[in-house]
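> next input, structure requested:
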Amino acid sequence: MIDINYELYKVFYHVASTLNFSEASKQLYISQSAVSQSIKTLERKLDQTLFIRSTKKVQLTPEGEILMRHVEPAMNLIQKGETQLLDAASTGGQIRIGASDTICRYFLIPYLERFHKAFPGAHIKVINQTSMKCAELLRNGLVDLTVVNFPNNHLGTTTSVMRIKKFKDVFIAGKTFQELKGETLTFSQLLKYPILMLDKNSTTNEFLHQVFQQHQLDLVPEIELTSNDLLIDLARIGLGIAFVPDYCISPESDDIFILHTKEELPERELAIAYNEHLPLSRASMEFLSYFRDKTV
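Numbers count the residues shown, from 1 in each chain. Alright, predicted model coming up:
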C-alpha cells in the first residue's frame, strides 16, 4: 500500500473540484506554488498524470477522474464527521435531506415544519434533485437522508430503506380533452394523445416506460420536463395528457380531471433512505423517528 499524506488528497480534491490551481489555493489558504508542488508529489507517488495543464484551463485525465470518484465521497464523509462533532454541543446539529421538488412540496413540508419547531437551532439543508439523483447524493455522502420514489434501482446495497407512503400515478387532462372524462382508455388508446411526463433523469420516467414495454407498447412522450407542477399546468391549458403522482392533484381541482385506464398501473411508494453503515446525527435520528409509525 502506498503511504500518501491525507493533505495531498485534500489538495487534489480542491483542484479537481475547481479545475483551477489559483482558486484551490484560495480555498486551502496556501500558495499556488504549494498547490502545484503537492499535485506533482501526488502524481509521482501514484506514478500517474492526474491533470492536463494548459495556459487556459486545467482538465482531469482519465486516471484523475477515477481517483476523484473515490476521493470525493471520502472528503464528503470527513467533512460530515467534522460537522457532526462541531454541532454536537448545539441543539439538534445539522440535517441534510435530498428530495425532489414534488416530494418536498406535497409531502415533506409538514415534517420539516415539525422538526424546525422542535429544534429551532438546528441547521436544515434540503437539496432538490430527482429521486434518481438523490440516490447518488446519498451514495456520495452529500446528504444524510433522502426521500425518494420506490422502487428505486439507483439506491446502493448499503442503503437502508424505510417505506413510508403508498401512492398511485395517474394520467390527467384539462378541459380541452373533456370528451375523455368518464371514459376508460387502454394504454394503446392513450398513445394517440400527446403525453406529458418527467424527463429521463427520473425514476418516474423509467417506471412508465417499463409499464408500457410490459404491454409491448413504445411510449414516445410529446414533452418531458423536470417539474410535476409544470406538467399539471400544461395539462390544464390543453397541451396534452400528463402523468403525475395522485398526491399532487387537489380534490377541489375543477379544471383538470383524472383519466381512467383499462390496464391498472402498479402502486408505488415513497421511501426514506440512509446509509446504514454511517452514524446519523441526533438531528437525522429525530427526523427519522417521525416516520416510524408510518411505515407501509
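
> which helix in the protein runs the most residues?
As assigned by DSSP state H, the longest helix anywhere in the chain is helix 62-87.

> burial count for the closest residue to S160 other than its chain neighbours?
Excluding its sequence neighbours, the residue lying closest to S160 (Cβ to Cβ, 6 or more residues apart in numbering) is E276, at 3.9 Å. In this view, the C-beta of every residue, glycine as well, is placed from N, C-alpha and C. The number of residues packed near E276 is 11, by other Cβ atoms under 10 Å.

> now do P251
Taking other Cβ under 10 Å as the criterion, the count of residues near P251 is 4.

> just confirm it is within a helix.
No: in this structure, P251 is coil, not part of a helix, as judged by DSSP: H, G, I helix; E, B strand; the rest coil.

> which pLDDT does the model give it?
In the prediction, the pLDDT value recorded for P251 is 79.

> buried ones in the lowest-mean-pLDDT helix or strand in the chain, by neighbour count?
The least trusted helix or strand in the chain, going by mean pLDDT, DSSP states H and E, turns out to be helix 62-87, with a mean of 84. Using 16 or more other Cβ atoms under 10 Å as the burial criterion, the residues of helix 62-87 that qualify are 64, 67-68, 71-72, 75-76, 80, 84, 87.

> how far off centre is that helix?
Helix 62-87 has its C-alpha centroid displaced from the chain centroid by 18 Å (Cα atoms, centre = their mean, to the nearest Å).

> which strands or helices does that helix pack on?
Using 3 or more Cβ pairs under 8 Å, 6 or more residues apart in numbering; DSSP states H and E as the contact definition, the elements that helix 62-87 packs against are helix 6-18, strand 94-99.

> just say which of the ones you listed is most tucked in.
Across these, averaging neighbours per residue (mean count of other Cβ atoms under 10 Å) puts strand 94-99 on top, at a mean of 24.

> please export the C-alpha coordinates of that one as PDB.
Only the C-alpha atoms of strand 94-99 are listed here, as PDB (Å, rounded to 0.1, in the frame of the first residue of the first chain):
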ATOM      1  CA  GLN A  94     -27.400  19.600  11.200                       C
ATOM      2  CA  ILE A  95     -29.500  17.600   8.800                       C
ATOM      3  CA  ARG A  96     -29.100  17.300   5.100                       C
ATOM      4  CA  ILE A  97     -32.100  15.900   3.200                       C
ATOM      5  CA  GLY A  98     -32.300  15.100  -0.500                       C
ATOM      6  CA  ALA A  99     -35.700  15.100  -2.200                       C
END
